[in-house]
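sharing a sequence plus its predicted fold:
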Amino acid sequence: MLKRKESNMLLAMIRNGQSMTLRQQVTLTLLLSLPSMLAQITHILMQYIDASMVGGLGAQATASIGLVSTTIWLFGGMVSASSSGFSVQVAHSIGANDMSKARDVFRQSITATMFFSLMLATIGLSITSSLPRWLGGGDDIVADASRYFFIFILCLPALQIDHLCASMLRCSGNMYIPSMLNIMMCVLDVIFNFLFIFPTRDVSLMGMQLSIPGAGLGVVGAALGTAVAEWITALLMAYFAIVRSPELSLTKEKGSFRPTSRIVKRALHIGLPMGCQHIIMCGAQITSTIIVAPLGTFAIAANSLAVTAESICYMPGYGIGEAATTLVGQSIGASRHDLTWRFSKITLALGMGIMTFMGIVMYFAAPYMMAVMTPVEEVRHLGTMALRIEAFAEPMFAASIVCYGIFVGAGDTLIPAVMNLSSIWLVRISLAAILTPRLGLNGAWIAMCVELCVRGAIFLVRLKRGKWVTKVSS
C-alpha cells in the first residue's frame, strides 16, 4: 500500500508539472514495472505447470494445443489492440489532469470493445471445426485441437473485459490491481486444470492414502480450467476499474456509453495498426507452425513447449513495456517531453539488462526447463536446442518490446507495426522456409533468433531518431 501511495505521488508530479530528479524517475519506473513483471513471470510459471500437466498426457495432447496456439494468440492480440486504442487516450487525459474525459473514454470503450469481441467470437466459432486441418494437423490431434479452440472462443468476451479494464487501470498508474488479479488467475488456472484434466485418483501423502477428485477430461479439461479462471478474473477486474478506481470509477458521474465518432476515430488511429499487426504477425506465426508441422508430432510438441519455456525470459520485458506505455503516455498528456525522453531511456536500459540476464540463465537451464514440462526424451532434446539458440536474441528482443511500449504510449503505432511486419515476414519466414527443411526444428529457431536481432536494431534506430516524439508534439 505504501508503494502504491508513493507511485501515485510521483505520477502526480508528472501531471502537475513538477521537476523530478533522476532518482525519482528511476524509482517510479521500478514501482510501475515490478508489479507487471511479477505478474508476467507468475503467469509463465503457471503456464509451465499447465504445460507439464498436459505434457503428462503425452506428446499428442501437447501437440493438439500447440497446433492452435498461434491462432489463439491472433484472437487475443486483436482483443488487446482494441483495448489499447482507448486506454492510450485515457493515459493522455489523466496526464493532462482531465479525469472527466478519461471516464468518458472508458464508458465508450466498454460498448465498442464488447461489440468487437462478440463479432470476433462469431468468426471464431465458424472456423472451429476446420482450423486444425487448415494448419496441417494429423488425424491424431485434430479433434482435441478443435475442442480446445472452441472453448477458448467462448471466453473471448471475458478476455475482452479483462484486457480492457486491466489496460485502463495500468494507464491510470495502477499496476498493482491488474498484476495481483492476473497472478490470482494463474493460480486458479492451475487449480481448475488439476481438477479437470486428470481423473479421480489415489495419492500417498506422508503415509496416508488420499483420494483426489478429477473430471478426467484431458485437453478439454485444460481449456475449461483456463476458461473458468478467466471469467472470474474478468469480473473482478471490471469491479476494480468501474467501481473502485479513483481516476476511472464510473459511479462518480453520469455519462453516455454510446461511442462518439471523435473518440472512436482516435481509437482506430491507435488500435487499427496494432490489430492489423497482430493479424499479420500471427499469420506469420501460423505460417511458421505450418513450416514446422511436416517435421512430425515430436517437433510440433517441442516447438510449442519451447515457446512457453522461452516466455519466462521475455515476459519481464513486456512488464517493463507496459510501464513505459503508462509513463510515456502520461508525460505526453502533461506536455512533459523532457520526461518522455528520460523515461524512454530508463525503461529501455532496464528491459535490455534484465532480458540479457534471463537469456544467460535460459541457455544453461534449458534442459531443466524442458524436463519440467514433458517426460518425452525426444521432445526434451529438440526443445533444449531451440532454447539455446534463442538465448542469443534476448537483448535485442528486449529492445523491440520496450521501444514498442514507448511508441504505443505516444500513440505512434502505424510505423512500428510496419517495422514489426516487415521484419517477421521478410526475415523470419523467409529464413525459416529455407532453413527448416535442411536443419529441422533448429532451422526454424535460428530464423527466429536472426529476425529478433534485426527487429531490435531497427526499433533502436527509430527511437534514437525521435520522429515519434516530434509527431506527437505537432
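Thanks, I have the structure now. Residues are numbered from 1 along each chain as shown.

would you confirm that residue 431 contacts residue 450?
Yes - using Cβ atoms under 8 Å, residue 431 is in contact with residue 450, at 6.1 Å. C-beta here means a position set from N, CA and C on the backbone, and glycine is covered the same way.

burial measure for residue 401, as a count.
28 (other Cβ atoms under 10 Å).

tell me the contacts of the closest residue to residue 380 other than its chain neighbours?
Distances taken as Cβ to Cβ, 6 or more residues apart in numbering put residue 370 closest to residue 380, at 4.5 Å, once the chain neighbours are dropped. Taking Cβ atoms under 8 Å, 6 or more residues apart in numbering, we find residue 370 in contact with 302, 305, 306, 309, 379, 380, 383, 384, 387.

okay, and residue 233 sits in which element?
Under the criterion of DSSP states H and E, residue 233 resides in helix 219-239.

mean confidence score for that helix?
If you average the pLDDT over helix 219-239, you get 93.

now the helix or strand following it: how far from the chain's centre is it?
Next helix or strand after helix 219-239 toward the C-terminus (DSSP H and E): helix 261-292. Centroid separation for helix 261-292 versus its chain: 14 Å, with Cα atoms, centre = their mean, to the nearest Å.

what of stretch 430-449?
Distance of stretch 430-449 from its chain centroid, counting by Cα atoms, centre = their mean, is 25 Å.

who touches it?
With Cβ under 8 Å, 6+ apart as the test, stretch 430-449 has contacts from 288, 291-292, 295, 299, 302-303, 306, 382, 385-386, 389-390, 392-393, 427-429, 450-451.

which ones among those map onto helices?
Secondary structure from DSSP state H places 288, 291-292, 299, 302-303, 306, 382, 385-386, 389-390, 450-451 of those in helices.

for these, point out the one with the lowest pLDDT.
residue 288 (82).

identify the farthest-apart pair in the contacts of residue 370.
For the contacts of residue 370, the maximum inter-member distance is 12.4 Å, found between 379 and 387 (Cβ to Cβ).

can you map out the helices along the stretch 351-474 of the chain?
377-390, 394-409, 414-423, 430-439, 441-465, 467-473 (DSSP state H, counting those that start in this stretch).

can you pull the pLDDT of residue 317?
pLDDT at residue 317 comes out at 89.

residue 45 too?
The score at residue 45 is 64. That number is its pLDDT.

and for the one 4 residues further on?
What the model reports as pLDDT for residue 49 is 67.

between the contacts of residue 370, which is nearest residue 204?
So of those, ranked by how close each gets to residue 204 (Cβ to Cβ), first place is residue 380, at 27.1 Å.

that closest one: what's it in contact with?
Applying Cβ under 8 Å, 6+ apart, the residues contacting residue 380 are 302, 367, 370, 371, 374.

buried ones among these?
Neighbour-count burial (16 or more other Cβ atoms under 10 Å) is assigned, among the contacts of residue 380, to 302, 370, 374.

quick check: closest non-adjacent residue to residue 287.
Nearest non-adjacent residue to residue 287 (Cβ to Cβ, 6+ apart): residue 429, at 5.7 Å.

just confirm residue 109 contacts residue 163, I think it does.
No - Residue 109 is beyond contact range of residue 163, at 10.8 Å (criterion: Cβ under 8 Å).

need the overlap of contacts for those two.
If you check residue 109 and residue 163 against Cβ under 8 Å, 6+ apart, the residues they both contact are residue 83.

picking up where we left off before, the helices of the stretch 351-474 of the chain: which one's closest to residue 226?
Residue 226 lies closest to helix 377-390 among these, at 21.9 Å (Cβ to Cβ).

compute the inter-axis angle for the closest one and helix 441-465.
Relative orientation of helix 377-390 versus helix 441-465 (axes from the mean of the first three to the mean of the last three Cα atoms, to 10 degrees): 30 degrees.

tell me the spacing between the residue sitting furthest away from the middle of the chain and residue 200.
Using Cα atoms, centre = their mean, the residue of the chain lying farthest from its centre is residue 207. It sits 42.6 Å away. Using Cβ to Cβ, to the nearest Å, residue 207 is found at 21 Å from residue 200.

so what's the residue nearest to residue 287 up against?
Per Cβ under 8 Å, 6+ apart, neighbours of residue 429: 284, 287, 288, 291, 447.

minimum pLDDT in the contacts of residue 380, which residue is that?
Out of those, that is residue 374, at 80.

not counting sequence-adjacent ones, nearest residue to it?
residue 55 (4.0 Å).

my guess is that neighbour meets residue 305, correct?
Yes - with contact defined as Cβ under 8 Å, residue 55 counts as touching residue 305 (7.0 Å).

could you dump the contacts of residue 429 to JSON lines with distance to residue 215 and neighbour count?
Below are these laid out as JSON lines (distance: Cβ to Cβ, whole Å; neighbours: other Cβ atoms under 10 Å):
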{"residue": "284", "distance to residue 215": "36", "neighbour count": "20"}
{"residue": "287", "distance to residue 215": "35", "neighbour count": "18"}
{"residue": "288", "distance to residue 215": "33", "neighbour count": "23"}
{"residue": "291", "distance to residue 215": "36", "neighbour count": "20"}
{"residue": "447", "distance to residue 215": "40", "neighbour count": "25"}
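
could you report the pLDDT at the residue lying closest to residue 395 once chain neighbours are set aside?
Using Cβ to Cβ, 6+ apart and skipping residues adjacent in sequence, the residue nearest residue 395 is residue 356, 4.5 Å away. At residue 356, the predicted lDDT confidence score is 95.

just checking, residue 356 touches residue 392?
No - at 10.4 Å, residue 356 does not count as touching residue 392 under the criterion of Cβ under 8 Å.

center of the chain, which residue is that?
Centre-nearest of the chain using Cα atoms, centre = their mean is residue 318, 7.2 Å out.

how far does stretch 405-415 stretch from one end to the other?
13 Å (Cα to Cα, to the nearest Å).

circling back: between the ones in helices among the contacts of stretch 430-449, which has the most around it?
residue 302 (34 neighbours).

residues contacting that one?
370, 378, 379, 380, 381, 382, 383, 386, 441.

grab the nearest non-local neighbour of it.
Per Cβ to Cβ, 6+ apart, closest to residue 302 is residue 382, 3.6 Å.
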